[in-house]
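Peer 1: sequence below, structure please.
(2 chains)
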Amino acid sequence: MEDREIIELYHRREERAIAESDVKYGGICRSIALRLLGIREDAEECVNDTWYAAWGKMPPDRPASLGAFFGRLTRNLSVSRWRRDHAKKRYDGMEIMLSELEDCVPSPAAVEADMERRVLAEAIGAWLDSLNEADRRLFIRRYWYACPVKELAEELHEQPNTCSQRLSRLRCALRAFLESKGAL
Amino acid sequence: MDSKDIYDGVTDIRDDLIDGAMSAPKRQKPRKRAWQTCAVAAVLVLAVIGGIILNPGNSGAGITAYALAEAEYPKMAPYPGEPHTEKQYDTWWDDVRAQRRDLGDVSPLLAFFQTSSAVFLSDTAGQNKVYSPLNVYMALSMLAQITGGDSRGQILALLGSGGMDELRRQASDVWNSNYRDDGALTSVLANSLWLNENVGFDQRTADILASDFYASSYRGEMGSDDFNKELREWLDRQTGGLLKEQAEGITMDPRTVLALASTVYYRAKWANEFSKSATAPQTFHSPAGDVETDFMHQRNAQSYYWGGKFSAVSQSFREGGSMWFLLPDEGVTPEELLSDSEAMDFLFSGGDWENSKYLFVNKSIPKFDVVSQFDLADGLMTMGVTDVFDPSLADFTPTVTDVPVFVSEANHASRVTIDEEGCTAAAFTVMMGNGAGGPPDDEVDFVLDRPFIFCITGDSGLPLFVGIVNEP
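Peer 2: Prediction:
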């Protein structure tokens, strides 16, 4: 089913919208949630919560990219769940990702501490635009889609260590970029 | 700023960047998407057969069965597995969309479904009972095609149809909008006509049945083992072998002039599978006494419905269609709900219902495998279709002129099974009796641990099966 038809189902308040969303994007959302949370039950609930949240947003929203829209909801719900429960549950995927993303955090001296989320996203987007396609895809697949390094290495026919080093360089490059744009 | 801020910033990058990295690099080996390997789908399998056998006083002497006309089913691209290309997905989706029909005003059809469900399911005597409204609709439509005069008129009146042209168009649309056979979802209404080779039969009728009702017509020696075997094998094939035992009981004897057979076979996966690890034994309060049975559990954000005497939820299928579960309030039986206009209006409303709320529902649903078989004759006569059963009044002249015939048997068998597969965990045991008061704010438990009604609707929204589960 085409995205606009799925969006129409939401706007007509037809519950089938959720089944159709699940058919087309359940796999992506489930993957993201499972990779981040690592606990199948929590991931499944997170995906259900995604449809619940989407139901609340459409209408009025008409997302340009439904995949990005659902995935974003899943990421937000995953991190919320981590914030709420990480003291009592082991969400390894999220812990590892946040630990890696520490490398991207600019020095407080260079960038104001409470940079607006939208502005930060635009800056990261601009930095991604400056990368070659392979590096851009690698970064997004690791830090947006939460693909494990081992899986990414297989995709690229690389050793996992090589892939980790590339990601490490990219994280450092992002930090440098954000610091260079500190005056945003 | 910390790593969580970076995470949030990455979350909100532009859509085109996200979409551009959705798949692995093309030059690499395709990677199976994780959902396919993680999710083990639940399967729902069910089938219905219905036959109407006409008996004259005649005997046959032929030898071989042969086809007068064979129905041609639409070609359908296979459901795109993983990995799939955009073209494969689009081809499949175009084929799915090509089957959809504008059914127009379906209120007369729904009125028939509503009335007939109440009539055929009213007498369960504490047993499970299943009825397929669409199966009986297709069989009656074909019966109308081969009858004339009042025999036909009574059927048209029951189906709320203005005439044969209108009914043929509608039957064809209903058939198409419920047809799907793409490897992921099977939904086929199959029809056939079995003719005594010693009785004259108009080829044009066979052609109309093939083109408008997707029915194949066969001729052979009535009463012969071979012809009976062919009918049973046809029923078996069309119902995936689910009703083998029931089909064994269907025979045509030498006096049979023709037999009409209609089947519905529907097999679909839940959009959200139940987890096997969450399934656990629980008590079901059957009319015959408490029984222990396996209950599946699931928590979903979804619509919850209620009426004066019931509460209800639905469970969607992956490729369209839903299964509806109606739980009568404490002290109300499923049979009482069948005679309750509000409950029946809801059952055929497709979820277009004022008393509903979108919230988290903790479902506890028993696994079940229910089979029933009964004669439709009494129920059809109650609803005004009488002449075809009366040897002195039945009018089959548009089809058979050599001998007077009438309907001697109208056998309807159905089987519905639901199951689960997967690996999540949850257990909900709180029972809720919910009447007209409405649900709580955010979350509700829906526990089917006493007799309930179910209804399966296909992609068209029309009811394929309605049933009462008294003992799962």
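
Peer 1: now do the residue nearest the centre of chain A against residue A:163, distance only.
Peer 2: Nearest to the mean C-alpha position of chain A, by CA atoms, centre = their mean, lies residue A:144 at 3.1 Å. For residue A:144, the distance to residue A:163 (CB to CB, to the nearest Å) stands at 16 Å. Where you see a C-beta, it was placed from the backbone N, CA and C, and this is true even at glycine.

Peer 1: thinking again about what came up before, next up, the contacts around the residue nearest to the centre of chain A.
Peer 2: A:71, A:75, B:10, B:11, B:13, B:18, B:21 (CB atoms under 8 Å, 6 or more residues apart in numbering or on different chains).

Peer 1: the one helix or strand in chain A whose mean pLDDT sits lowest close to chain B?
Peer 2: None of the helices or strands of chain A scores lower by mean pLDDT, DSSP states H and E than helix A:149-156, at a mean of 86. Yes. Helix A:149-156 lies within reach of chain B by CB under 8 Å from any CB of the partner chain, at A:151, A:154, A:155, A:156.

Peer 1: name the nearest of these relative to chain B.
Peer 2: Distance to chain B across the residues of helix A:149-156 next to chain B (CB to the nearest CB) is lowest for residue A:155, with 4.3 Å.

Peer 1: what is the neighbour count of the closest one?
Peer 2: Counted with other CB atoms under 10 Å in any protein chain shown, residues neighbouring residue A:155 total 21.

Peer 1: now the one 4 residues further on
Peer 2: By other CB under 10 Å, 10 other residues sit near residue A:159.

Peer 1: ramachandran angles for it?
Peer 2: With angles defined as degrees, to the nearest 10, residue A:159 sits at phi -80, psi 150.

Peer 1: for it, give me its contacts.
Peer 2: residue A:153.

Peer 1: thought residue B:398 was touching residue B:151?
Peer 2: No. Using CB atoms under 8 Å, residue B:398 makes no contact with residue B:151, being 9.7 Å away.

Peer 1: which of those two has more neighbours?
Peer 2: Taking other CB under 10 Å, residue B:398 and residue B:151 do not tie; residue B:151 has more neighbours (25 against 17).

Peer 1: any idea how chain A splits into domains?
Peer 2: A:3-90, A:105-180 (automatic domain parsing).

Peer 1: in the chain, which spans are helices?
Peer 2: Picked chain A for this. All helices of chain A, identified by DSSP state H, fall at A:3-11, A:16-37, A:40-57, A:66-85, A:92-101, A:117-129, A:133-143, A:149-156, A:160-180.

Peer 1: please go with chain B instead
Peer 2: B:3-11, B:15-20, B:34-38, B:86-98, B:107-121, B:133-146, B:149-159, B:164-177, B:203-212, B:225-238, B:244-248, B:334-338, B:341-347, B:377-382.

Peer 1: tally of neighbours for residue B:137?
Peer 2: Neighbourhood size, residue B:137 [other CB under 10 Å]: 24.

Peer 1: now for residue B:346: which residues touch it?
Peer 2: By CB under 8 Å, 6+ apart, the contact set of residue B:346 is B:305, B:307, B:310, B:312, B:326, B:353.

Peer 1: same check on residue A:130?
Peer 2: residue A:177.

Peer 1: need the pLDDT of it.
Peer 2: pLDDT recorded at residue A:130 is 89.

Peer 1: likewise for residue B:422?
Peer 2: 20.

Peer 1: cool, and the one 3 residues further on?
Peer 2: The confidence metric pLDDT takes the value 14 at residue B:425.

Peer 1: pick the most buried one from the helices of chain A.
Peer 2: helix A:16-37 (a mean of 24; mean count of other CB atoms under 10 Å in any protein chain shown).

Peer 1: count the residues that sit near the closest residue to chain A within the stretch 251-400 of chain B.
Peer 2: Nearest residue of the stretch 251-400 of chain B to chain A: residue B:301, at 3.2 Å (CB to the nearest CB). Neighbour count of residue B:301, defined by other CB under 10 Å: 22.

Peer 1: can you list the domains in chain B?
Peer 2: Split by automatic domain parsing, chain B gives B:44-105+B:121-268+B:370-417, B:271-368+B:422-469.

Peer 1: pLDDT weak spots in the chain?
Peer 2: Using chain A here. A:112-114, A:183-184 (pLDDT under 70).

Peer 1: wrong one, chain B
Peer 2: For chain B (pLDDT under 70), the answer is B:24-65, B:81-83, B:271, B:318-320, B:420-441.

Peer 1: ok, now how distant is residue B:267 from residue B:240?
Peer 2: Where residue B:240 is concerned, residue B:267 sits at a distance of 7 Å (CB to CB).

Peer 1: doesn't residue B:361 make contact with residue B:448?
Peer 2: No. Residue B:448 lies out of contact with residue B:361 (CB under 8 Å); the separation is 11.9 Å.

Peer 1: where do the contact lists of the two overlap?
Peer 2: Common neighbours of residue B:448 and residue B:361 (CB under 8 Å, 6+ apart) do not exist.

Peer 1: wait, what's in contact with residue A:147?
Peer 2: Taking CB under 8 Å, 6+ apart as the test, what residue A:147 contacts is A:35, A:141, A:155.

Peer 1: closest to residue B:279 out of the residues you listed?
Peer 2: residue A:35 (26.3 Å; CB to CB).

Peer 1: just give me the neighbour total for the nearest residue to that closest one once chain neighbours are set aside.
Peer 2: Leaving aside its chain neighbours, residue A:35 sits nearest to residue A:146 (3.9 Å; criterion: CB to CB, 6 or more residues apart in numbering or on different chains). Here the number of neighbours of residue A:146 (other CB under 10 Å) works out to 22.

Peer 1: would you list the contacts of residue B:346 in a markdown table and tack on distance to chain A and neighbour count?
Peer 2: Listed next are these as a markdown table, based on distance: CB to the nearest CB, whole Å; neighbours: other CB atoms under 10 Å in any protein chain shown:
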| residue | distance to chain A | neighbour count |
| --- | --- | --- |
| B:305 | 10 | 20 |
| B:307 | 17 | 22 |
| B:310 | 18 | 26 |
| B:312 | 12 | 27 |
| B:326 | 16 | 25 |
| B:353 | 11 | 15 |
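
Peer 1: what about those residues, which are in strands?
Peer 2: B:305, B:310, B:312, B:326 (DSSP state E).

Peer 1: any idea which of these is closest to residue B:213?
Peer 2: After measuring the ones in strands among the contacts of residue B:346 against residue B:213 - CB to CB - the closest member comes out as residue B:326, at 31.2 Å.

Peer 1: surely the closest one meets residue B:451?
Peer 2: No. With contact defined as CB under 8 Å, residue B:326 does not count as touching residue B:451 (10.4 Å).

Peer 1: which residues do these two both contact?
Peer 2: Common contact partners of residue B:326 and residue B:451 (CB under 8 Å, 6+ apart): residue B:334.

Peer 1: can I assume residue B:458 is in contact with residue B:464?
Peer 2: Yes. Assessed by CB under 8 Å, residue B:458 is found in contact with residue B:464 at 5.1 Å.

Peer 1: what is in contact with these two at once?
Peer 2: With CB under 8 Å, 6+ apart, residue B:458 and residue B:464 have common neighbours B:134, B:178, B:187, B:266, B:321.

Peer 1: tell me which two of these sit farthest apart.
Peer 2: B:134 and B:321 (11.8 Å).

Peer 1: tell me, what's touching the two both at once?
Peer 2: With CB under 8 Å, 6+ apart as the test, residue B:134 and residue B:321 both reach B:458, B:464.

Peer 1: please identify which residue in the stretch 101-250 of chain B comes closest to chain A.
Peer 2: residue B:184 (9.2 Å).
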